[in-house]
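> missing the sequence, but the structure's below:
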């Protein structure tokens, strides 16, 4: 067994890792926001699929319906529809677990089943109508994968490494930093974290627990939904790849733990997860004499997540633990 | 006092939980510049009533007036908007937040960004005004109870509360801390704030408040100026009749050494030394009372004896009747202790969270410590069912059925089930922690009676209590603890309350009282 | 004095209730299912244009239309019920094992490994050996998170969830490796005949069903009547109480999850040996997750799980029936339909545990 260096391949691998990592990052940011409100939403994969299909269906159908699709409309349509669909899916979860105080695990798992079913159903109906499984929206591909001119082409390796992505990839980083600031620098962030730690206390301090929870879960779902759509974008807006979004969703749930509930950690954690999940395709160019199956590489993000989960429970540091009230329903008059 | 001085007026307030009326038709007035004591027996509805002011509960009926205008308090936010702040008995703080973060929680503000400098200045102003000391950057999990309470009060003052409600504020404080608290409370009163103290301690009522309102069975009986009150009057108003509060105390029945504890040290769950080098003897046929401010090692002591806490060092020896050699209990769990033939009964403080299984009926709770009887893998269910029936009958437990989850029973009945089971085991040692906390007077006396019966049977009883009057009346000897150490051992028949009180703080006052044992 | 905004008495107020009569509970649930069916009917009609009444009738025919369909219903229920049974003791202990999927997969993986390795052994020996391998593998897969939970309080929900994906990829890896040059994993009926559960009345899965029904009874007795079951119930209610009673919480936790994982692992074995005759990472359609819902809806009662697992399969059958009706209907609708029904059932629990009190319409003269 040996290791050989291949700069081109490494560059491709990293670009791929950042793209896929950003999908996971969106999912994880949504989930962090949700978990900070004390809700474990296992419906994230379903929400991401809903966001994905909705963004895809709207851009695809728009492209089919007009001669000259406007790029601006395309942009708006892709983003708005994926956000709206994901938010609606999140609303089901929010209503059941906040207002009706239902079991979060059961609701989340059901939502994933439901969302996946919905997305796959509409995906196959559209495919069937178009008579092809390889349907894609070329204009949306152009819009969302537009690279930064000059910087991405003229700066050599640096340009390819840093400026070679669609704008959603950069937006993810900005959003993560903003979320971090929101949690730790603002009143609303403080209030939200308090709810996740101890809703009874937050309530007694006059914080509207229900409103915060709804806002966090809906906003979280919207962000996760963008992740679902981004997955299609990085695959050239082709529907046939969309079913893998579910796996990305579970990786997002894992990434939340890996990042110890901090959005900024989720940035590099997401890229690492992306790197590992693409290793099957790229690692063979670097490692000779031994073939490690893609399946083995695909396991690694989950394994490192478990390691982090264990490390967090070993370490007594309370700040890296899951929000204390995660998974429990809140009812003011419970004594 | 004149009408316009009334900060809060409650009119015809009622609140029902399930079939239990917690408050019915209560009228009450809270005034500016006055400390009002809300006095009542446990279960008389004091906390429920104040929780309706704080927005935790919503009244079924009745009206609330603040400064003369009718208001609806639907949530804690409404309460804050009306200048009402409440310090709950169980602190409402976020463990992983700093003091400052806890204070600004839920604050109304214009911008999103937290302006740390401005905030700290504002908090400091409040602290200076009333004489509070807090470390703004300290995390709550690093604070002691007194610091947490200070933080709670600063928190509601920061939110602009003019009407402060304190629920049993001294329950967890040392007498010195309580004194300090009262001083601050008086400062706040002099600044024109309206203050309500929920309490059932008569002494406290008389020393700190200006006026007393008495609640009985959810109704407001009367309110009188403190200067016109004394303990006797207040007790009668609380109970609604003349009561003989004398607890019987039979003579010890030929006391023999039953439990000998030597140099015992125990760590609590956080790893702090909660019990330091404790030594004493408990005799069969007598009641050993344990006095001390809550949280200074009593819980760890009982849990160590029961085999529930990890002992750091020292020994706990059980001396059986007759000439048999003593048995070491340290290092054994409850099951192993049972297997030695030592019957230790333990009525823990947390009845539904430790002593009983809330979702199970009386019958299933009876087998909690004996479910392993018999060699079969199956549960023996007949004996526990019979036992449950007997206890229900003898102790007059109010429950629809022995299969009804005990969680649904009232506090007094829950305690009867627990004590009944522990006594039915025919113990050699009976330990009780705060056995009458939260119980009405009648049930309390039933419990005292049961404990005395055990004493007369020759059982070694260890009674951890918080009410010194009860401790002095019931015990034969009193062991006083302070900060995990024993500060004194007194004869309960001859010592005074002041002596005990002094020893309770003995560990903190330079240690003159140390080593009395 | 500044007049603050006039706060009104809240329109609706929620109160917890404890004693909902059994009849009322079931009425609420039945009402939820009916409401869900109406929503489903309208939704499916909107999406596919199929007449709702045709949808409802196809639900019945989907599960009972022909003897073959009835058999198929039982065949689908078997692994789902088995997984539900496996989860019951864990959930009763409030150990949120959502790793049934992974435990089932490794059980199937181990059983397949034994089947391929010892394919020449007689069935009477090979099949029990496979069962044992499945049990062990599932138990080990479950006990890893349990050990960390017992000793270091590591969050078991997240841990078991992660274990599912490791198991999925392990199965994918093995399938890849064992299938050799062929395009998919061949049926045991061809490559390891001795590993196939013998057929009774022409169906191989009947033995599996019988085993699962036996497990239902055993698990019910275990949880309700034995000392172990009592310990599980006490630990689930309060670990502090368990310690007080002298129960070794760590040991009970580990023992219970060994059992829970073993039953899920057994399900994997039953599936490869008697139902699917092959190993696949998508076997049993993610039933490991569905079983969580089955167990939860049944309030962890094994006998009730027969009903809840039937319900899940019933709607799945219904949807596959509908999917063949026209081009706008796809097989994926089954997930949508069962999702809707479940949302309603999950939500209906609220009306069992809480009561709504609406604002009384009495006049209030402000002063």
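Good, I have the coordinates. Since we're looking at a predicted model, the values are computed, not measured. Numbers count the residues shown, from 1 in each chain, chains lettered A, B, ... in the order given.

> hey, let's count contacts and neighbours off CA atoms from now on
Fine.

> Show me the strands in the chain, by range?
Went with chain A since none was named. A:2-3, A:287-288 (DSSP state E).

> Chain C was what I was after
C:12-16, C:354-358.

> again, but for the stretch 151-300 of chain B
In the stretch 151-300 of chain B, the strands defined using DSSP state E, counting those that start in this stretch lie at B:163-167, B:194-199, B:211-216, B:219-225, B:256-267, B:273-284, B:287-291.

> Who are the contact partners of the residue nearest to the spatial centre of chain C?
Nearest to the geometric centre of chain C sits residue C:291, at 0.5 Å (Cα atoms, centre = their mean). For residue C:291, the contact set (Cα atoms under 8 Å, 6 or more residues apart in numbering or on different chains) comprises C:80, C:81, C:83, C:84, C:87, C:100, C:309.

> Sort out which of those are in helices and list them.
The helices, defined by DSSP state H, take in C:80, C:81, C:83, C:84, C:87, C:100, C:309 from those.

> Any figure for the gap between the third one and chain B?
Going back to what we said before, that points to residue C:83. To chain B, residue C:83 is 25 Å away according to Cα to the nearest Cα, to the nearest Å.

> Tell me, how many residues neighbour the nearest residue in space to that residue that is not next to it in sequence?
Take residue C:83 and drop its neighbours on the chain: the residue closest to it by Cα to Cα, 6 or more residues apart in numbering or on different chains is residue C:264, 5.2 Å away. Residues lying near residue C:264 (other Cα atoms under 10 Å in any protein chain shown) number 38.

> Residue C:264 against residue C:103, yeah?
Yes: using Cα atoms under 8 Å, residue C:264 is in contact with residue C:103, at 5.6 Å.

> Quick check: neighbours shared by those two?
In contact with both residue C:264 and residue C:103: residue C:138, using Cα under 8 Å, 6+ apart.

> how distant is stretch C:177-195 from the center of its chain?
The offset between the C-alpha centroid of stretch C:177-195 and the centroid of the whole chain comes to 28 Å, using Cα atoms, centre = their mean, to the nearest Å.

> Give me the contacts around that stretch.
Residues outside stretch C:177-195 that contact it (Cα under 8 Å, 6+ apart): C:115-116, C:119-123, C:126-127, C:130, C:175-176, C:196, C:273, C:276-280.

> So which of these belong to helices?
Those of the contacts of stretch C:177-195 lying in helices (DSSP H): C:115, C:116, C:123, C:126, C:127, C:130, C:175, C:176.

> Spatially, which two of the residues you listed are the most separated?
For the ones in helices among the contacts of stretch C:177-195, the farthest-apart pair by Cα to Cα is C:123 and C:176; their separation is 25.5 Å.

> Nearest spatial neighbour of residue A:248, chain-adjacent residues omitted?
Spatial nearest neighbour of residue A:248, excluding adjacent residues (Cα to Cα, 6+ apart): residue A:24 at 5.9 Å.

> same check, this time on residue B:103
Of all residues not flanking residue B:103 in the chain, residue B:155 sits nearest, at 4.6 Å (Cα to Cα, 6+ apart).

> Just the pLDDT at whatever residue of the stretch 51-200 of chain A ends up closest to chain B, thanks.
Nearest to chain B in the stretch 51-200 of chain A, going by Cα to the nearest Cα, is residue A:186, at a distance of 4.3 Å. Per-residue pLDDT puts residue A:186 at 92.

> which residues touch the nearest residue to it once chain neighbours are set aside?
Distance criterion Cα to Cα, 6+ apart; nearest residue to residue A:186, sequence neighbours excluded, is residue B:113 at 4.3 Å. Contact analysis of residue B:113 by Cα under 8 Å, 6+ apart lists A:185, A:186, A:187.

> Residue numbers of chain A in contact with chain B?
Contact residues (Cα under 8 Å from any Cα of the partner chain) of chain A with chain B: A:185-188, A:190-191, A:194, A:197-198, A:200-208, A:318-319, A:332-333.

> In helices, which of the residues you listed appear?
Using DSSP H, these in helices are A:185, A:187, A:188, A:190, A:191, A:194, A:197, A:200, A:201, A:202, A:203, A:204.

> residues near the fourth one, how many?
Read it as residue A:190. Neighbours of residue A:190 (other Cα under 10 Å): 21.

> Pull up the gap between it and residue B:101, please.
8 Å (Cα to Cα, to the nearest Å).

> Show the average pLDDT along stretch B:159-166.
Per-residue scores along stretch B:159-166 average to 91.

> Endpoints of it, how far apart?
This stretch, stretch B:159-166, spans 15 Å end to end (Cα to Cα).

> in it, what counts as buried?
B:159, B:161, B:162, B:163, B:164, B:165, B:166 (16 or more other Cα atoms under 10 Å in any protein chain shown).

> ok, what's across the strand from the last one?
Here residue B:166 shows beta-bridge partners residue B:87, residue B:197, assigned using DSSP bridges.

> Help me confirm that it comes into contact with residue B:197.
Yes: the criterion here is Cα under 8 Å, and residue B:166 meets it with residue B:197 at 4.9 Å.

> How about the residues of chain A by chain C?
So chain A meets chain C at A:96, A:100-103, A:106-107, A:109-111, A:113-118, A:120-121, A:124-125, A:128, A:254, A:293, A:295-296, A:298-299, A:302-303, A:305-306, A:309-310, A:313-314, A:333-334 (Cα under 8 Å from any Cα).

> Quick check on the residues you listed: which are buried?
Burial by neighbour count, judged by 16+ other Cα under 10 Å, picks out A:96, A:100-103, A:106-107, A:109-111, A:113-118, A:120-121, A:124-125, A:254, A:293, A:295-296, A:298-299, A:302-303, A:305-306, A:309-310, A:313 from those.

> how near is the residue in the stretch 51-200 of chain B positioned nearest to chain C to residue B:218?
Going by Cα to the nearest Cα, chain C is nearest to residue B:72 of the stretch 51-200 of chain B, at 5.7 Å. Distance of residue B:72 to residue B:218, given as Cα to Cα: 21 Å.

> For those two, indicate the residue with more neighbours.
residue B:218 (26 against 21).

> do you know how far the closest residue to that one other than its chain neighbours is from residue C:353?
Distance criterion Cα to Cα, 6+ apart; nearest residue to residue B:218, sequence neighbours excluded, is residue B:23 at 4.0 Å. Remark: distance between residue B:23 and residue C:353 (Cα to Cα) = 24 Å.

> Where does pLDDT dip in the chain?
Just so you know, I chose chain A. Within chain A, the stretches with pLDDT under 70 are A:1, A:132-134, A:151-153, A:316-317, A:333-335.

> that's the wrong chain, I wanted chain C
C:1-11, C:18, C:181, C:183, C:359-367.

> now do chain B
Residue ranges of chain B with pLDDT under 70: B:1-4, B:172, B:174-176, B:242-245, B:323, B:506-517.

> Tell me which residue in it sits closest to chain A.
For chain B, Cα to the nearest Cα, closest residue to chain A: residue B:77, 3.7 Å.

> That residue belongs to a strand?
No: using DSSP: H, G, I helix; E, B strand; the rest coil, the assignment for residue B:77 is helix, not a strand.

> leaving aside the residues next to it on the chain, what's closest to residue B:275?
The shortest distance from residue B:275 to any non-neighbouring residue, by Cα to Cα, 6+ apart, is to residue B:484 (4.1 Å).

> Does the one you found touch residue B:279 like I think?
No: using Cα under 8 Å, residue B:484 is not in contact with residue B:279; the gap is 11.4 Å.

> who has more neighbours, the two?
Just comparing residue B:484 and residue B:279: by other Cα under 10 Å the higher neighbour count belongs to residue B:484, 23 against 17.
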